[in-house]
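Peer 1: coords please:
(chains A and B)
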There are 2 protein chains.
Amino acid sequence: MEIAHSLQQIQSSYIREILAAATDKNVISLAGGLPDEKTFPIDLMRPTLEAIPDMVEVFQYGATAGYGPLLEHLTHTFKLPDSHMVIATTGSQQGLDLIARAYINPGDTVIMEAPSYLGAMQVFGLVQANMVTVPQTESGPDLQALESAFKAEAPKMFYAVPDFHNPTGVCWSLDTRKAVAKLCEQYNVAFIEDAPYRELRFSGEALPMVSDFCPQHSIVLRSFSKIASPGLRIGAVTGKVSYLEPLVKVKQGADLHSSVPMQALLHGLLKHDNFELHMSKIQALYHERYQVLNSELKKQLPESCKVKDVDGGMFVWVTLPECDTFALAKQLLANGVAVVPSPVFYPDESQATPALRLNFTNAEPNELVEAVSRLSTVLKAL
Amino acid sequence: MEIAHSLQQIQSSYIREILAAATDKNVISLAGGLPDEKTFPIDLMRPTLEAIPDMVEVFQYGATAGYGPLLEHLTHTFKLPDSHMVIATTGSQQGLDLIARAYINPGDTVIMEAPSYLGAMQVFGLVQANMVTVPQTESGPDLQALESAFKAEAPKMFYAVPDFHNPTGVCWSLDTRKAVAKLCEQYNVAFIEDAPYRELRFSGEALPMVSDFCPQHSIVLRSFSKIASPGLRIGAVTGKVSYLEPLVKVKQGADLHSSVPMQALLHGLLKHDNFELHMSKIQALYHERYQVLNSELKKQLPESCKVKDVDGGMFVWVTLPECDTFALAKQLLANGVAVVPSPVFYPDESQATPALRLNFTNAEPNELVEAVSRLSTVLKAL
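Peer 2: Model prediction:
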């Protein structure tokens, strides 16, 4: 049976392949985007796990939009106005997929930053979107390029990760946030704000979300994978009702609804008295690891390589002198360290500037030190 | 933001709307397709629920194809040959959605029986398939019409529910199973065998699956919603590796993977010593309810209405004299009984013969008796 045209240009995720290769226990992996298993708040979930056998309703079919008590909790937490609603999804990845399926016709334009999140490129590729990128600066997207793209391309949406971007770790400045919101309103472009790392800030002050400045022109994707547990596969989407109703329609066909016991478990966790404390522990842990990685990189890397400081998230981005980053990543793997080369984060690989994405949340400090040593050895020989 | 063309012709499920209206406690609902909550094997799940806090790996990101121990168990249970594989999905509904997205281009032809499962029509509608139907007889699809359609339409796939069809309850005969498999091989059409009710047989002998006769030309959708719990949202898809690999690619974009704790919970349940006993209890319970409903219908319905006997599943199909079935369903709702009128089960409503689908798994025997009494009162006045 011939596969659909929409699937023919989709590559299986390079990261997944690297992850598979990186299971060798002599390899230190900075390639994935995994939270540390030790951070999973299992003790805070235990009371709900124990209560679930008595919650017979969670074993029955549920509402497509989600489990009532969780939706109420999130509506309150996110301070949603009456004009807005929330949907529970099978991970925020599904939220993005629903948005793409509900709104994008083949050839419709989606604006993204370059580089950008791989999973978003997969989703927009599946609906055969025309992905147009704008370069990313240290404070967010290049605003002139963004406005030119809005003018020239009449896009339906602009997808971005303003807080601790994947892969670069960039956090948009306040001015950029306001300017992007204004442009989205002016050109009637929906802003798709993907915020999986927002709660992983370990330094600096939290900034308002971009969608706070354009609530009628935005949809927000919320993840609990980094602050709770990715295995549950429960995310959320918020936005005005007219934006989200079509997502519910698609979700009905896609999986009827997300797991109800998992929604109840997340609800129990989020309302646990110690959840805030748990989040601050994760932030401290990742801060420490980031500091180890960052200081080692600055100490050991050759001068031609640049490391961007970050205030949170899971990644740092190391820019390199001109080189074949795929060959480099392969050589690094042979030397016992797994990383992701920059081209995979570009819809058009030829536009990539040479760089590597390094993850600091899933390795111990001593592993991070050793990984940088292996990395530097190879880079110095380049 | 204008919704995608593919979504513009999709109606929100009529059944969901009826279900919403049927929450009035004076209404007896035979409209849904819900298992009885009392059948949920919570006691058999309790040991796994208690063990989950110690299974830290289920809280981490998992493999897209599914949780290893569950996949191994299912490979063994379904006796899959080396050429075949299994994927765990977010309910079997997602399995169907993945098949449609992986294989169907807009305009590609899918053959279905008429009437057919609503959720399948939604899924194939979302990928803008050309849905061509063949009439259903008492022993399955009309084979002449099927071969003509295979010849004339060169379809990619034939989707069907051979065991206790939704909505009619029909179970295909052995001869029809063999003949369909042969036609699928002959015309190189993939047979999509949806088997959510297969284990709900309460009389007669189990027949081989259609896919048993054409293993290289079929994909099977397995549901645990009717024999375990729909709330978990874990289903499975089996088929030859080359058929299923594209599904894994789509699933990566769709939700990365299904909930791992829920896959572990299902695995624990399926391998529980008392699971077989549990299934036989469900079969006995539904058999009893079916007998009540069937005998009451035969006693009370006017002669112009016909009831088909079934050997399992969740539904009986009552054919009616010519009438407006939507108006009838509305009138029945006003008289305290919710049912689903036949046209919603046809891609082309105008092809529908007048009938009602009645569910017998989610009402007590006394409610079934009362429901038939209300139904008959309205039908006799017709």
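
Peer 1: distance between the helix or strand harbouring residue A:331 and the chain's centre?
Peer 2: Taking DSSP states H and E as the definition, residue A:331 sits inside helix A:325-334. Here the centre of helix A:325-334 is set off from its chain's centre by 24 Å, with Cα atoms, centre = their mean, to the nearest Å.

Peer 1: next one: stretch A:64-79
Peer 2: Its chain's C-alpha centre and that of stretch A:64-79 lie 21 Å apart, by Cα atoms, centre = their mean.

Peer 1: identify each buried residue in the helix holding residue A:331, please.
Peer 2: Buried positions in helix A:325-334, judged by neighbour count with 16 or more other Cβ atoms under 10 Å in any protein chain shown: A:325, A:328-329, A:332-333. C-beta: built from backbone N, CA, C; applies to glycine.

Peer 1: need these in JSON lines (columns: distance to residue A:54 and pLDDT).
Peer 2: Output for these, formatted as JSON lines (distance: Cβ to Cβ, whole Å; pLDDT from 0 to 100):
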{"residue": "A:325", "distance to residue A:54": "54", "pLDDT": "94"}
{"residue": "A:328", "distance to residue A:54": "55", "pLDDT": "94"}
{"residue": "A:329", "distance to residue A:54": "50", "pLDDT": "93"}
{"residue": "A:332", "distance to residue A:54": "51", "pLDDT": "94"}
{"residue": "A:333", "distance to residue A:54": "49", "pLDDT": "91"}
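
Peer 1: output those as TSV; include the columns distance to residue A:66.
Peer 2: Converted to TSV, the buried residues of helix A:325-334 look like this (distance: Cβ to Cβ, whole Å):
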residue	distance to residue A:66
A:325	41
A:328	44
A:329	39
A:332	42
A:333	41
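
Peer 1: give me the helices and strands touching the host helix or strand of residue A:158, please.
Peer 2: In the assignment (DSSP H and E), residue A:158 maps to strand A:157-160. For strand A:157-160, the packing partners by 3 or more Cβ pairs under 8 Å, 6 or more residues apart in numbering or on different chains; DSSP states H and E come out as helix A:91-103, strand A:109-114, helix A:174-186, strand A:190-194.

Peer 1: go ahead and confirm residue A:219 touches residue A:99.
Peer 2: Yes: if you go by Cβ atoms under 8 Å, residue A:219 and residue A:99 touch, sitting 6.1 Å apart.

Peer 1: so what sits against both of the two?
Peer 2: A:192, A:237 (Cβ atoms under 8 Å, 6 or more residues apart in numbering or on different chains).

Peer 1: these two: which is more packed in?
Peer 2: Per other Cβ atoms under 10 Å in any protein chain shown, whichever of residue A:219 and residue A:99 has more neighbours is residue A:99, with 31 against 28.

Peer 1: strands of the stretch 251-382 of chain A, residue ranges please.
Peer 2: Under the criterion DSSP state E, counting those that start in this stretch, the stretch 251-382 of chain A contains strands at A:306-307, A:315-319, A:337-338, A:340-341, A:355-359.

Peer 1: related to what we said a few turns ago, next, the angle strand A:355-359 makes with the helix holding residue A:331.
Peer 2: Going by axes from the mean of the first three to the mean of the last three Cα atoms, to 10 degrees, helix A:325-334 is angled at 40 degrees with respect to strand A:355-359.

Peer 1: how about residues contacting helix A:325-334?
Peer 2: A:18, A:21-22, A:27, A:320, A:338-343, A:352, A:354-356, A:374-375, A:378-379, A:382.

Peer 1: can you say which of those residues are buried?
Peer 2: Using 16+ other Cβ under 10 Å as the burial test, the contacts of helix A:325-334 include A:18, A:22, A:27, A:320, A:338-343, A:352, A:354-356, A:375, A:379 as buried.

Peer 1: so chain A: which segments form each domain?
Peer 2: A:5-40+A:276-380, A:44-270 (automatic domain parsing).

Peer 1: most packed of the ones you listed?
Peer 2: Counting by mean count of other Cβ atoms under 10 Å in any protein chain shown, domain A:44-270 has the highest mean neighbour count of those, with a mean of 21.

Peer 1: quick check: mean pLDDT across it?
Peer 2: Averaged over domain A:44-270, pLDDT sits at 97.

Peer 1: ends of it, what's the gap?
Peer 2: Its start and end residues considered, domain A:44-270 measures 9 Å (Cα to Cα, to the nearest Å).

Peer 1: now that domain, how far from the centre of its chain.
Peer 2: 9 Å.

Peer 1: returning to that earlier point: can you put the strands of the stretch 251-382 of chain A in JSON lines and add distance to residue A:134 and mean pLDDT?
Peer 2: Below are the strands of the stretch 251-382 of chain A laid out as JSON lines (distance: least, Cβ to Cβ, whole Å; pLDDT from 0 to 100):
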{"stretch": "strand A:306-307", "distance to residue A:134": "21", "mean pLDDT": "96"}
{"stretch": "strand A:315-319", "distance to residue A:134": "17", "mean pLDDT": "97"}
{"stretch": "strand A:337-338", "distance to residue A:134": "30", "mean pLDDT": "94"}
{"stretch": "strand A:340-341", "distance to residue A:134": "21", "mean pLDDT": "94"}
{"stretch": "strand A:355-359", "distance to residue A:134": "17", "mean pLDDT": "97"}
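
Peer 1: out of the ones you listed, which comes closest to residue B:131?
Peer 2: Closest to residue B:131 of these is strand A:340-341 (Cβ to Cβ; 42.0 Å).

Peer 1: and the closest one, what does it pack against?
Peer 2: helix A:14-21, helix A:325-334, strand A:355-359.

Peer 1: so how far is the first residue of stretch A:28-47 from its last?
Peer 2: 35 Å.

Peer 1: okay but residue A:41 is in contact with residue A:281, surely?
Peer 2: No: the pair residue A:41 and residue A:281 fails to qualify as a contact (Cβ under 8 Å) at a distance of 9.0 Å.
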